[in-house]
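Trainee: The following block contains a protein sequence and its predicted model.
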Amino acid sequence: MVNRMYRIGIVGASSLIGKELSDELGESLLAASDFVLLDDEDVAGQVTTAGDEPTFIQRIEASSFDKMDFVFFAGGAEVTKKHWQQARRAGASIIDLTYALEQEKDVLVRAPWVVEALATKTVAGGPEPDLKTPAVVAAHPVAVMLALTIAKLQAKLPLASVAATVMEPASEHGRAAMDELHQQTVNLLSFQSLPREQYDAQVSFNLLPALGEAAKVNLAATEQRIRDQYDGLSGGLLPPLALQIVQAPAFHGYVMSVLVELVQPATASRVEEALVGEHVDVVSEESEPPSNLSAAGQEDIMVRVTKDASGGEQGRRFWLWLAADNLKLAALNAIACASELRRLRPLGKVQ
């Protein structure tokens, strides 16, 4: 029987990412831990699962973080800001999936997969986390997707430029955004007025580079976050990123079109060979292209390579079509961040 080495809290356990995180933790190296699910009072008492065991969601209280080794914040940013210092004072290692702590002193944005991909050059992303770090922020899924694939390419085929157009799914902004997209679709088909509280715009059957002024979903803030995190994770080793975010009428999963320009000409097969490796699934042009549907439930980032039409067999410009399960990727990256910190906790508080 495996000893339960750690006590782990998930704050915001009822959220979309909170549920995904709980499922993934149950399949990870931390699966033998004791899990405590925490959330606001209105969902406290709901029965769910953590790991392989049934449990219930508890209300967040002052004593909730006692004897915690790790605390994942996966609910709203306001909840993270309200409670993270309590978790810190209790001695827990904190992993923030809400981005609420990005501007806090000494808090690091982490993506361990990107660090591994850049290891042939140097260690990226600033100093390694340690137990004196107040918290780590798990990097945005798009920042991970872009930095990881570009790092793999750069290691074998130096790049001159990178430009990406990212299709934003509703699930990235929680259940309320998904519900509004669903209700807009239903209302459009029945010729009724549209709810606009989350987007302040019609997103159903539509593609938008910007939303209404009263929208709760902030595409500009998301775009800036991805730019900043890409730059931070790259450690100056990757080319600058030209980026545009587009709100897509999709419930789940990221897809993006990325144009890369190489320093020297190469074939599409060489680009594919450079991308092959851990965490990336290269899909040939003979197969069905990656999509948000085919990526659902997949752990890897799916990539298809297409040579730009200009030039002969070899060229410098290539299109990458990427797809990934946004919630699963965020959860896996958060667990990888915890594993970094775990190596520095030789023994948990719970035996």
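Mentor: Happy to help now that I have it.
Trainee: Direction included, what does the lengthiest strand in the chain pair against?
Mentor: Counting by DSSP state E, the longest strand found in the chain is strand 254-266. Strand pairing for strand 254-266, using DSSP bridges, gives strand 159-168 (antiparallel), strand 315-324 (antiparallel).
Trainee: how far does the first one sit from the chain's center?
Mentor: Put plainly, it is strand 159-168. On the basis of CA atoms, centre = their mean, to the nearest Å, strand 159-168 sits 17 Å off its chain's mean C-alpha point.
Trainee: how about the nearest residue to residue 281, chain neighbours excluded?
Mentor: Distances taken as CB to CB, 6 or more residues apart in numbering place residue 300 nearest to residue 281, at 4.1 Å, with adjacent residues excluded. All C-beta atoms are positioned from the backbone trio N, CA, C, and that covers glycine.
Trainee: neighbours around that neighbour, how many?
Mentor: If you count neighbours by other CB atoms under 10 Å, residue 300 ends up with 18.
Trainee: show me what contacts it?
Mentor: Counting by CB atoms under 8 Å, 6 or more residues apart in numbering, residue 300 makes contact with 279-281, 324.
Trainee: export those residues to a markdown table and tack on neighbour count and distance to residue 143?
Mentor: Shown next, in a markdown table, are the contacts of residue 300 (neighbours: other CB atoms under 10 Å; distance: CB to CB, whole Å):
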| residue | neighbour count | distance to residue 143 |
| --- | --- | --- |
| 279 | 21 | 14 |
| 280 | 19 | 15 |
| 281 | 19 | 19 |
| 324 | 29 | 12 |
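Trainee: and which of the residues you listed is nearest residue 195?
Mentor: Here the nearest of those to residue 195, counting by CB to CB, is residue 324; it sits at 28.3 Å.
Trainee: re earlier: name the stretch among the strands paired with strand 254-266 that sits most buried.
Mentor: Neighbour counts (mean count of other CB atoms under 10 Å) averaged over each of the strands paired with strand 254-266 peak at strand 315-324, with a mean of 21.
Trainee: I'd like the next helix or strand past it.
Mentor: helix 326-342 (DSSP states H and E).
Trainee: all helices for the stretch 1-150 of the chain, in order.
Mentor: Under the criterion DSSP state H, counting those that start in this stretch, the stretch 1-150 of the chain contains helices at 16-25, 77-89, 112-117, 141-156.
Trainee: and residue 6, which of those helices is closest to it?
Mentor: Across the helices of the stretch 1-150 of the chain, residue 6 has its closest neighbour in helix 16-25 (10.2 Å, CB to CB).
Trainee: where exactly do the helices run in the stretch 151-300 of the chain?
Mentor: For the stretch 151-300 of the chain, applying DSSP H, counting those that start in this stretch gives helices covering 175-189, 219-234, 268-275, 292-295.
Trainee: Let's have the ones you listed in a markdown table, adding mean neighbour count and mean pLDDT.
Mentor: Below are these laid out as a markdown table (neighbours: other CB atoms under 10 Å; pLDDT from 0 to 100):
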| stretch | mean neighbour count | mean pLDDT |
| --- | --- | --- |
| helix 175-189 | 17 | 96 |
| helix 219-234 | 19 | 96 |
| helix 268-275 | 18 | 95 |
| helix 292-295 | 19 | 95 |
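Trainee: Could you pull up the residues touching residue 268?
Mentor: By CB under 8 Å, 6+ apart, residue 268 lies in contact with 285, 305-307, 318.
Trainee: Give me the subset of these lying in strands.
Mentor: Applying DSSP E to the contacts of residue 268, the entries found in strands are 305-307, 318.
Trainee: got the buried residues for stretch 109-120?
Mentor: By 16 or more other CB atoms under 10 Å, the buried positions in stretch 109-120 come out as 109-118.
Trainee: Pull the distance from it to the chain's centre.
Mentor: Put simply, stretch 109-120 sits 14 Å off its chain's centre (CA atoms, centre = their mean).
Trainee: can you check stretch 9-26 too?
Mentor: Chain-centre distance of stretch 9-26: 13 Å, with CA atoms, centre = their mean.
Trainee: Could you tell me the end-to-end distance of that stretch?
Mentor: 13 Å (CA to CA, to the nearest Å).
Trainee: Alright, that wraps it up for me.
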